[in-house]
Structure formats: C-alpha cells, structure tokens
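Could you look at this predicted model? Sequence included:
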2 protein chains.
Amino acid sequence: MNTTLVRALYRNTEEHIEKSVKISGWIRTLRASNAFGFIEVNDGSFFKNVQVVFDNKITNFKDVSKLPISSSISVVGKLVPTPDAKQPFEIQAEEITIEGMSSSDYPLQKKRHTFEYLRTIAHLRPRSNAFSAVFRVRSVAAYAIHKFFQDQSFVYVHTPIITGSDCEGAGEMFKLTTMDLNNIPKTEEGSIDFSEDFFGKEANLTVSGQLNGESYALAFRNIYTFGPTFRAENSNTARHAAEFWMIEPEMAFANLEDDMELAEQMLKYVIKYVMDECPEEIDFFNQFIDKGLKERLDHILNSDFGKVTYTEAVELLKNSGKVFDYPVEWGIDLQTEHERYLTEEIFKKPVFVTNYPKEIKAFYMRLNEDGKTVAAMDCLVPGIGEIIGGSQREERLSMLEARLEELGLNKEDYWWYLELRKYGETVHSGFGLGFERLIMYITGMSNIRDVIPFPRTTGQADF
Amino acid sequence: MNTTLVRALYRNTEEHIEKSVKISGWIRTLRASNAFGFIEVNDGSFFKNVQVVFDNKITNFKDVSKLPISSSISVVGKLVPTPDAKQPFEIQAEEITIEGMSSSDYPLQKKRHTFEYLRTIAHLRPRSNAFSAVFRVRSVAAYAIHKFFQDQSFVYVHTPIITGSDCEGAGEMFKLTTMDLNNIPKTEEGSIDFSEDFFGKEANLTVSGQLNGESYALAFRNIYTFGPTFRAENSNTARHAAEFWMIEPEMAFANLEDDMELAEQMLKYVIKYVMDECPEEIDFFNQFIDKGLKERLDHILNSDFGKVTYTEAVELLKNSGKVFDYPVEWGIDLQTEHERYLTEEIFKKPVFVTNYPKEIKAFYMRLNEDGKTVAAMDCLVPGIGEIIGGSQREERLSMLEARLEELGLNKEDYWWYLELRKYGETVHSGFGLGFERLIMYITGMSNIRDVIPFPRTTGQADF
C-alpha cells in the first residue's frame, strides 16, 4: 500500500475520508492508557500533525505505547472525521510498524526551548514547530520569487560565487586559496606568488552579482539572480550573517520609476503567495512569534507604497520634533531609527526614499541633473527599515569613467563593465533584496540565525 | 506608450497584429538603401529578432541608417503580417529613437566566432545566438527543477556554502580565510592559529549539501537543494569546473527504487518542460550544435529507463566482445567508455546501474545483504554516460559507525550526522545531479565553460 502525505489528508480530505490510508512519520506526542493510545504523528509534509488512535486489538500495542518521542512509524488505518474534536479527523490504526526507535534522550521534548539552545542542534531544530514553519516558508518564498520573475520571462542568471576581482565594492571579502597556508609561495621580491594559486591570482567570495547581472540584462533585457553572497564583516548582530542569499533583478530600458514598480510588485507577490500557500505557518507566527504579523502583512498588500526624495525625507525628519540618537542633517546616511520613523510614523506604510547624496552611494548609480544626488532608491518597510536597495545605473560612459576617477578606482579593473556602456548602452536599473531579511519580515523572526538552516556568522560555522 | 516585449509579439501575435506597437532592443543587422532600410532588432526577451522596415519618411533616416551593430533603439510602428516572407510579421517604423550608439569595433560582428574566442568576451557573448539560447535554456531548466519539486511539496533547502568540516569526502576543497596571508598567525607550537580566523577554525567551500540535506529530509520528509558547489581539482577538461550548481533531493521513507523513480521522472519533466518552453532554442541547437539532439531527447522522453546491477553490467561488458581501453573486472569503477557502451550499445536508452562494490562508493551508502555491495545507483544516458548518482543511505547506526571505523574516519566529526540515526531514523534515499551536465545534455554543448555564464576553472576566474 502506498503511503499518503499528511498534507494530502488535510488539503484533499474528501478524497481520503472514511477510507483506509497509510502514513509514515515521526511521533510528536504519545499518550496511552491500558486500553487506548493517542499518537500525534508529523510526517514533515505539513505543519500540522495527524492524530492516530490505537487500542489493544493492535498486536504490537505494548511496543508502540512505550515508543519515545521522535520514533518513526508507519500506520495503516481508516481516516474518520471527528466533528467534535479540535482536529478535523483522526486515523483509527489497524497496523503500526515501527520504522526507527528514537532514543529517550531526544533533545526536543515537549517543553519549550530557547532559540539559542535550538541553534546548537541545528540538525534537529527543523523538527520543532517554529523551525518547521520558518523553513517551509523559506522554501515557498524562494519559489514565489522564481515564479514571479519567470512568469514575466525574466532570465535567471547564476552569477559567479568566486570572483577574481574585489571591485564590487560592497563590503569585506573572504579570501579563497588552495595554497599551503604553512608554506605560502613567495616571488623573488618576497610578495605572495599568486601565480601558484588555483586561479593564478587572488580570488574572493562574491559580495554581489550585480555587475555580472548588468551584462546579462544588456543581452536578455530582464534578468534576475538568486544565489548566495558573502560578507567577512565582524558584526555580531541579529541582522548580519557571513553567508546569505540575495535576489538581484536587473532591467534594460528601465528607469528608477520602473525599478520601484518592480520592487513593490515583487514584495506584494511573495507575501501574498506565502500567505496563500502557508496559512497554518502564518497563523502560528502570528500567534506565537509576532502578534501583529498578519495585520502588518495585510497592510502591505493593501497599501500603495509611498515615495519621497531623500532631501524631502531629511526635512520631514528634522521638522518631526522627534529626537534621534543620531541627528539628521542633509548628507548623512539614514540610520534604522530614521528609516523606521519615516515608514512607521510619518507614512505609516512602505515608502521608497529616492535620490540620495552621491557621497553615500555606490559608484555605479546614475548622477542626477543636480550633480549632487544619484538615482538611488531604498524601500523602507514598517517594523524593519530598509529591505531593498536599488538604483538606475550610470549608463553614460564618460560620467562613469569620471566617477571612477573621482573615487580613485582603477579603470582597467572595470574594463568589461565599461564596455557595456560602449556597445549599445541603454537606460537600465535594478535592485538587491536580502532574502533573509524578507523571511524575517514574513515570519516575524527577529534573528537572522533563525531563518538560515545552518547559519555562518563570526566564529560560527558548525554543522 | 509602453514598450511591448518581442516575446509577446511572437507568442501573442493576434493581440498585436495590425496595431501600433513600441519595442526597444539592440540592432542585430541593418541594411539600408537610399530609400529603405531593414533592421533586425533583438530585445533579449525572445530568441528571434523582429524585422523593422523604415523609409526616408522617417525624420532621422540618415542617423539610423548608419547605426553600428548592437546600438540600442526604440521603435514605434505598426505590426503587419508578411505572409510571403521568412518572418511572420514586421514593424513598419513610424518613429525610431536612438537609445545608445554602439562603437563600430563591436566584437560580435556577423561572422562566426569560435566558442574559445567568445569565452574571452563573456560579458558580451549572451548577445550571440548560441549563448542567448544556452542561457535562456539554463534559466528555464532551473525553473523546471524548482517547479517539479515544489509541485510535489518538496522543501527547498539552502545548505551552507561555507563548511567548517572537510568530512563531506567528495573531493578537494577550497580553503577560505580572512587571515593576512603575508602574516599567518601562529600558535606557540608554531602551527597555524585558526582561532584568529573568521570562524575560529578552518573553513572550506562545500563539495556537497547532502549530509545537511539528510537532516532536513528527516524533518520535512521530502527536500531538495539547488545551489553552487566547488571542487579544487586541477582537472582542465571540458567536463570539469571549479564552481558548478548541483541539485540534491533527499527523501525519507524512500528506498533505492523510489530514488530511481524520482530521478527518471525529474529528468523527463525537465527535458519536456524545456522543449515545450524553448522550441526556438532547441531547434537552433538541433540545427547548428548537435544534429541528433531532438531525436535523442524525444527518445529519452519515450523510454522506460533500464535497470541493471553492477555485477550484471560487468558481465555484459565482459561478454560484449568490445575491447575497452580500460579492461573490465568486477571491482573497477566504471569508466565513461563503459558507461556509454552500456547505455548506447547494450540498452540503447538510459539505464540505472545499481549495487556497486562498497569499495568504490561513499561511506554513507547502505550496505546490502551480501556484505560486498551498497545500495547505490548511477543513471547513465546515451551521449554522455553518468548524469546522476544516488543511493539509499545507511540508516543503521551500528553499520554506519562500523563503516566510518573501517575507513579510519573520526566519529566525532560526524556527531550530528550519526545523531540523525539515533532519533527516529528511517529508510531514506537521495541523489545528486550536476546542473551543468544536464544543460550540456539538453543543449548539445560540449564544453562546460559554455554553459556557465562566467566559468571558473583552473587558472581562470575572469569577469
């Protein structure tokens, strides 16, 4: 007899009710009296358990009634409705097979554990309610992103993880080598002889796929990346990880307005998709992790995002009467406190801040007519602050070259990036979304370590 | 006026025909006489160009008629059917706007270039027909893989790229560090002081997500990974890259038979999806890259994959009368020549070879009753040999521990992997598919460097 997924029992109950079914899964709870027993079985396919009822007519009643939590079993029995109970149905067991007996020291007993403790058992924590919910949502959200872009014929590009350049300029990088660290090869002059290394030169882990992505946007028009990126920054916070996933769409023939429209549509699409596909998980988060979650997500779906220039935003903050830890002046990089005040108190909805001073933004952003600001946009959302950063790219070769020079950057390092401006340049724009930030936002989880299966942070690369 | 994608003109012609449309794109070819001109415009959204006809009623006729290849333009005009021409329709231009003038030294002129040369301009090669086709197929195939698994509620898991262990045992690894290579910190005993490194210990780039994937399969039942993996192997061949993407599904409550069924269904699904979604690209490959491609792909779709044990396969090869470069004896690892002979000459279709000698397979594969072979499977396909490798995993704690000991591996390094066998173990199975191999198979491209946007191989990490 084929096993049925518990997901199918819940989602297509009609098909299975009053029929014999077989399920396999792990015991979440078990209570047994002398005559009867109740097992909550979770098979991983669905957030909720299915209840199995067994009695002493079962030949192996004695064995089963003593099984430790997390033992794996297969059950054959009839699925019957339970109109008076909390759960909609239960399985009246006819046969229970023990697949794998768990040890009685299984760490995830019924009592609540702290998230800190659960990080030390990252190989087992997806079996808990909270992490089962987090990592299913992570999977469904990842798919929603692919679906959103593919339905509009965006081309998914795998930009390189290993990079021979450090000119992405977005943060500190991990070095990569196959050289013997006990015996680094040296040139005659005494410097490191990278010609002996695997790639024949210095190599690092990427901090962004954007520059490579641009070259593909100028071939395919609309592209997106979705892959891991890295920061070797020693910041031990709840929002920073050394390894995280990024989504970076890039569109040719698209300006900053188009960019903001895409960002707004994408966020709404992914949130709606997850709410539709994972209602049990979202209910759980709303009840146990973040009481205002559903309201906040609904509010995003039903808001037209606001728009404000950086210069206007600075005025609004200065005139707000609010005293910030970090005083607001034109020219500063907005801090999380400022961002959250803008989106939570002033706009009371997501808001795009545009046209930042060029000094606080990256070299590749398009210089505005005023000569002082660039066509950048940050998307701020209530409860979190910045979730997306993007820009219209500087497509004018001479302007881009001037900007590189101004910043003391070496033109030769950017030869191919500059050539994109030489051979049929177009207005083009894109943005970056940190996937973990999005998952934190959708789930209400407050530590990035709890939305990455096996997180890598300063001093931490276990499992 | 909003621009329309060329893809929409081809796929939904009815909607646009005889109407005014606006397109933006790059000039692929341009011919102009004194009175008329023809431009083939490609906007990246579709493999084929759209033909634009313009005449000297166009105000900027003179500018346009001299535009170099790859200049970007926007065109407003009427889409009219051309029943007597090669192309189904053309745009009669009313207005042409020059977006970005290309330089006349644009390297992708009409003449054919070698793939070797095109690798040196990896930032421009997706604008050529062949690479436009390859990288759209790569994108669509990636999506097909996600869709295949998500439609069956498999959970997508981002297993870590950075690993603190080197116990995956699948190949040579890249070391990762933030230490100053000119001044490696040393302990008092003179060995490298990894406590000074970012993670406080040695760190490498992953060669496989499987062990981590197993821990999630034992929570979610059915999971898959799809991410980059790395090999620091000095093999300068057409089939090896230092950085490539892998798909690794893992199923709890599933044996080797289930594993093979999933592999066969997945391959067929992805091939069919790409053939349905990218008919223009597949036609191109079939005509210019690999004449037998479509026939071979159709044949796979219509075959039930064969099954043969390793022991039987060795007998078949020995009795075939064929002389191999590498002689066949029970116990050898099958070489590509053997694999291809099996699938191409003996079975004439894809075939699974099962139950390999334990000596040539990984420690985590389940030992068969004979004590000599393990429950492994390799999927061999005509034209390429092995495309998938998988196994039923050793779920019995004592057997797994014995195997680690036999191989001189340190049990402590595998503490959490062993714990998966302690807390509710189940029969479980999975496999790995190298994504680039699959793309080579679907496109007929023969060098892995030509199916990766920016390939990383020995001595090569440009762009």
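Sure, I can see it. On a predicted model such as this, the values are computed, not experimentally measured, just so you know.

Residue of the stretch 251-400 of chain A closest to chain B, please.
Taking C-beta to the nearest C-beta, chain B has its nearest neighbour within the stretch 251-400 of chain A at residue A:253, 4.3 Å off. To be clear about C-beta, it is placed using only N, CA and C from the backbone, and glycine gets the same treatment.

nearest residue to that residue other than its sequence neighbours?
residue B:24 (4.3 Å; C-beta to C-beta, 6 or more residues apart in numbering or on different chains).

Which other helices and strands does the helix or strand harbouring that neighbour contact?
Assigned by DSSP states H and E, residue B:24 falls within strand B:20-32. When contacts are defined as 3 or more C-beta pairs under 8 Å, 6 or more residues apart in numbering or on different chains; DSSP states H and E, strand B:20-32 sits against helix B:6-11, strand B:36-42, helix B:61-65, strand B:72-81, strand B:89-100.

And the helices in chain A?
A:6-11, A:13-16, A:61-65, A:115-119, A:129-150, A:210-220, A:256-277, A:279-284, A:293-301, A:310-318, A:336-340, A:397-406, A:415-419, A:435-443 (DSSP state H).

Skipping adjacent residues, who's closest to residue A:294 in space?
Using C-beta to C-beta, 6+ apart, the nearest residue to residue A:294 is residue A:286, at 4.6 Å.

do residue A:442 as well
residue A:274 (5.6 Å).

returning to that earlier point: now the residue nearest to residue A:253, which residues is it bridged with?
The partner list for residue B:24 in beta bridges (DSSP bridges) reads residue B:74.

doesn't residue B:72 make contact with it?
Yes: checked against C-beta atoms under 8 Å, the pair residue B:24 and residue B:72 is within contact range at 7.0 Å.

what do the two both touch?
Listed contacts common to residue B:24 and residue B:72 are A:252-253, A:426, B:99; contacts here mean C-beta atoms under 8 Å, 6 or more residues apart in numbering or on different chains.

Most neighbours out of the residues you listed, which is it?
residue A:252 (31 neighbours; other C-beta atoms under 10 Å in any protein chain shown).

Is that one in contact with residue A:215, as I believe?
No: using C-beta under 8 Å, residue A:252 makes no contact with residue A:215, being 10.7 Å away.

what does the model give the residue nearest to residue A:253 for pLDDT?
At residue B:24, the pLDDT value in this model is 98.

How many residues are close by it?
Here the count is done by other C-beta under 10 Å, and residue B:24 has 23 residues near it.

how about residue A:340, what does it touch?
Contacts of residue A:340 by C-beta under 8 Å, 6+ apart are A:380, A:382-385.

wait, which of those residues is closest to residue B:142?
residue A:384 (29.2 Å; C-beta to C-beta).

Just the CA trace of stretch A:376-389, in PDB.
Provided in PDB are the C-alpha atoms of stretch A:376-389 (Å, rounded to 0.1, in the frame of the first residue of the first chain):
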ATOM      1  CA  ALA A 376      19.000  55.500  -6.000                       C
ATOM      2  CA  MET A 377      16.000  54.100  -4.100                       C
ATOM      3  CA  ASP A 378      15.700  52.400  -0.800                       C
ATOM      4  CA  CYS A 379      12.500  50.600   0.100                       C
ATOM      5  CA  LEU A 380      11.700  51.000   3.800                       C
ATOM      6  CA  VAL A 381       9.000  48.900   5.500                       C
ATOM      7  CA  PRO A 382       7.400  49.200   8.900                       C
ATOM      8  CA  GLY A 383       9.000  47.100  11.600                       C
ATOM      9  CA  ILE A 384      12.300  46.700   9.900                       C
ATOM     10  CA  GLY A 385      13.500  49.700   7.900                       C
ATOM     11  CA  GLU A 386      15.400  49.100   4.700                       C
ATOM     12  CA  ILE A 387      14.500  45.900   2.900                       C
ATOM     13  CA  ILE A 388      15.500  46.700  -0.700                       C
ATOM     14  CA  GLY A 389      18.200  49.000  -2.200                       C
END
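
What lies in contact with that stretch?
A:256, A:259-260, A:263-264, A:267, A:296, A:299-300, A:305, A:334, A:336, A:339-340, A:342-344, A:348-356, A:361, A:365, A:390-391, A:431-434, A:437-438, A:440-441.

which stretches of chain A have low pLDDT?
Residue ranges of chain A with pLDDT under 70: A:166-170.

Columns distance to residue A:91 on top of the helices and strands packed on strand B:20-32, output as a markdown table?
As requested, the helices and strands packed on strand B:20-32 are exported to a markdown table (distance: least, C-beta to C-beta, whole Å):
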| stretch | distance to residue A:91 |
| --- | --- |
| helix B:6-11 | 48 |
| strand B:36-42 | 58 |
| helix B:61-65 | 73 |
| strand B:72-81 | 60 |
| strand B:89-100 | 60 |
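
rewinding a little: wait, the residue nearest to residue A:294 touches residue A:280, no?
No: contact criterion C-beta under 8 Å: residue A:286 and residue A:280 do not qualify, at 10.8 Å.

higher neighbour count, the two?
More neighbours surround residue A:286 than the other of residue A:286 and residue A:280, with 18 against 12 (other C-beta under 10 Å).

Bridged to residue A:224, which residues?
Taking DSSP bridges as the rule, residue A:224 bridges to residue A:156, residue A:249.

Can you give me the neighbour number for it?
28.

quick one: contacts for it?
Counting by C-beta under 8 Å, 6+ apart, residue A:224 has contacts A:145, A:149, A:154-157, A:213, A:247-250.

Then residue A:103?
A:68, B:422-423.

Which residue ranges make up each domain of chain A?
For chain A, the structural domains run A:6-100, A:127-172+A:207-450, going by the TED database.

and those, which is most packed in?
domain A:127-172+A:207-450 (a mean of 19; mean count of other C-beta atoms under 10 Å in any protein chain shown).

before we move on, the earlier item: can I get the domains of chain A in JSON lines with distance to residue B:457?
Shown next, in JSON lines, are the domains of chain A (distance: least, C-beta to C-beta, whole Å):
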{"stretch": "domain A:6-100", "distance to residue B:457": "39"}
{"stretch": "domain A:127-172+A:207-450", "distance to residue B:457": "10"}
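
Would you agree residue A:142 is in contact with residue A:226?
Yes: in this structure, residue A:142 is within contact of residue A:226 by C-beta under 8 Å, at 7.4 Å.

shared neighbours of these two, anything?
A:245, A:435.

Against chain B, how distant is residue A:148?
11 Å (C-beta to the nearest C-beta, to the nearest Å).

Residue A:269 is in contact with that residue, correct?
Yes: using C-beta under 8 Å, residue A:148 is in contact with residue A:269, at 4.7 Å.

List the buried residues for stretch A:113-129?
Across stretch A:113-129, burial judged by 16 or more other C-beta atoms under 10 Å in any protein chain shown covers A:118-119, A:121-129.

is chain B contacted by it?
Yes: contact between stretch A:113-129 and chain B, assessed by C-beta under 8 Å from any C-beta of the partner chain, occurs at A:121-124, A:126-127.

near chain B, which residues of the stretch 351-463 of chain A?
A:395, A:416-417, A:419-427, A:452-454, A:456, A:458-463.

For the stretch 201-350 of chain A, what lies in contact range of chain B?
For the stretch 201-350 of chain A, the contact set with chain B under C-beta under 8 Å from any C-beta comprises A:201, A:203, A:205, A:212, A:215-222, A:227-228, A:230, A:232, A:234, A:242-243, A:245, A:252-253.

quick revisit: with distance to residue B:91 added, can I get the contacts of residue A:103 in CSV?
Shown next, in CSV, are the contacts of residue A:103 (distance: C-beta to C-beta, whole Å):
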residue, distance to residue B:91
A:68, 71
B:422, 68
B:423, 65
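
what's the span of stretch A:347-359, first residue to last?
26 Å (C-alpha to C-alpha, to the nearest Å).

What are the contacting residues of it?
A:256, A:260, A:263-264, A:267, A:299-300, A:303-311, A:313, A:330-331, A:334, A:339, A:342-343, A:365, A:367-368, A:372-382.

among the residues you listed, which are in strands?
Cross-referencing the contacts of stretch A:347-359 against strands under DSSP state E gives A:306-309, A:373-381.
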